[in-house]
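In: missing the sequence, but the structure's below:
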């Protein structure tokens, strides 16, 4: 599998910008029609292992992912790519940098907070933290973008052996650890689990906190934040697994007919959707399989495999109910593994994980003929995508709100839809699941 935990073999001069896509976005009124099929008879332009051709080698492309294949299939994603601050936003002037595959800060005029781009509700969070002796730091859970009161706006997991009241492994203003611990001056591993009102914290394999919030200030959804308060601090291997996911496909065909439970074929579809031992198999095209239920803000995960080179498909979301005349009026998470010039930083058709026609994937990390897990978070106008656990999109739709997301911003609930793109379509989908994000 391409680039899993290794440095790829291309050399050059530039590293892809962490946050700004290299491909310009189209105007808001860009036509909704798909481009002509680009998957048929397209040559494989990836260089061979011994290729030295200068015209095929454009720029360096390092791909770091701390997750194993088994963890990715279990739903884990990496919140930090080990190279950049892509997918994070700072709410202050702390000097956040990346050093030795760790997020680092040691200076700020006021306590600094680095926040995830999108919120999460129920989850497991793992990371390693190294706080200088005598320092003060923390991990903010389900926080607002600008927390003022840790008893109302977030859960602040404190890391400070010298704090006068809430020392390391406490929740500031809410709960104390089971016993005192020393957690500064050295790397320590944290495993945090948030499910509904319950929060458990395990450090270096020892559970130190089990807290159930019974107050009126429960926070069931929010951002994750890394704090720099006093002293030098570093964070690395920051990974998360969404919890409380509900299946969108139980593997069954209803009524002994070719009707897939929980889904319906959009009228006018030419694609064939059948269930077999690998999941939902879609061939031919063009066509769409649409979920019966609708969702607005959510975490979505699914696995797909293409049975051919540079095939084209996608996951549509917040989609208006499809008709024969308008089958696909929704946002689309692209499935297309083609790259240009042998360079995974140059997707040939927006790239797997892109929001098609809106923002390209920053890197193609998936391969044809291999199972690929995609994670999508949609929270209001903010959208983030991970492919194989690696962050490829963090985008805010700033268009004017209206009904049709092919042309404008849509935050209202809509269907999920699986795409059959053209006559070459041949894919399987499995492990489709979703967790609605609660309103705070």
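Out: Perfect, I can see it now. Note that this is a predicted model, so its numbers are computed, not measured.

In: pull the contacting residues for residue 285.
Out: With contact set as CB atoms under 8 Å, 6 or more residues apart in numbering, residue 285 has these partners: 270, 271, 419, 420, 421, 422, 423, 424, 425. For the C-beta atoms, the positions are set from N, CA and C on the backbone; glycine is no exception.

In: in PyMOL, how would I select just the buried ones from those?
Out: Restricted to buried positions by 16 or more other CB atoms under 10 Å, the PyMOL selection for the contacts of residue 285 reads:
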select buried, resi 271+419+420+421+422+424+425
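
In: next step: the contacts of residue 285 restricted to strands.
Out: In this view, the contacts of residue 285 that belong to strands under DSSP state E are 419, 420.

In: got CSV for the contacts of residue 285, with pLDDT and distance to residue 149 too?
Out: As requested, those are exported to CSV (pLDDT from 0 to 100; distance: CB to CB, whole Å):
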residue, pLDDT, distance to residue 149
270, 96, 56
271, 96, 52
419, 97, 45
420, 96, 51
421, 96, 50
422, 95, 54
423, 95, 59
424, 95, 56
425, 97, 52
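
In: can you tell me the helix or strand for residue 428?
Out: Under the criterion of DSSP states H and E, residue 428 resides in strand 426-436.

In: ok, that strand: who's next to it in the sheet?
Out: Strand 426-436 has its sheet partners listed here by DSSP bridges as strand 246-247 (antiparallel), strand 279-283 (antiparallel), strand 298-306 (antiparallel).

In: related to what we said a few turns ago, may I see the contacts of residue 285 organised as JSON lines, with distance to residue 194 added?
Out: JSON lines is the format used below for the contacts of residue 285 (distance: CB to CB, whole Å):
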{"residue": "270", "distance to residue 194": "44"}
{"residue": "271", "distance to residue 194": "39"}
{"residue": "419", "distance to residue 194": "34"}
{"residue": "420", "distance to residue 194": "38"}
{"residue": "421", "distance to residue 194": "38"}
{"residue": "422", "distance to residue 194": "43"}
{"residue": "423", "distance to residue 194": "46"}
{"residue": "424", "distance to residue 194": "43"}
{"residue": "425", "distance to residue 194": "39"}
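
In: what is the nearest of the contacts of residue 285 to residue 100?
Out: Nearest to residue 100 out of these is residue 419 (CB to CB; 41.2 Å).

In: that closest one and residue 319 touch, don't they?
Out: No: Residue 419 is not in contact with residue 319 according to CB atoms under 8 Å; the separation is 10.4 Å.

In: overlap of the contact sets of those two?
Out: Residues touching both residue 419 and residue 319 by CB under 8 Å, 6+ apart: residue 328.

In: coming back round to it: what sits up against the strand holding residue 428?
Out: 73, 121-122, 242-249, 278-283, 295-308, 311, 313, 335, 373, 416, 418.

In: pLDDT of that strand, averaged?
Out: Averaging pLDDT along strand 426-436 gives 97.

In: which positions in it come out as buried?
Out: By 16+ other CB under 10 Å, the buried positions in strand 426-436 come out as 426, 427, 428, 429, 430, 431, 432, 433, 434, 435, 436.

In: between the residues you listed, which is nearest residue 358?
Out: Residue 358 lies nearest to residue 434 out of these, by CB to CB, at 21.0 Å.

In: thinking again about what came up before, closest one of the buried residues of strand 426-436 to residue 331?
Out: Among the buried residues of strand 426-436, residue 434 lies closest to residue 331 (CB to CB), at 14.6 Å.

In: hey, what's the closest one bridged with?
Out: Listed beta-bridge partners, residue 434: residue 246, residue 300 (assigned using DSSP bridges).

In: ok, residue 273 next?
Out: residue 282.

In: please apply the same query to residue 227.
Out: Legend: beta-bridge partners of residue 227 under DSSP bridges are residue 113, residue 138.

In: and it, how far is that from residue 435?
Out: Distance, residue 227 to residue 435, by CB to CB, to the nearest Å: 26 Å.

In: same deal with residue 369?
Out: Using CB to CB, residue 369 is found at 29 Å from residue 435.

In: now residue 106
Out: Using CB to CB, residue 106 is found at 36 Å from residue 435.

In: go on, residue 350?
Out: 26 Å.

In: how about residue 317?
Out: In terms of CB to CB, residue 317 sits 14 Å off from residue 435.

In: what does residue 131 give?
Out: 32 Å.
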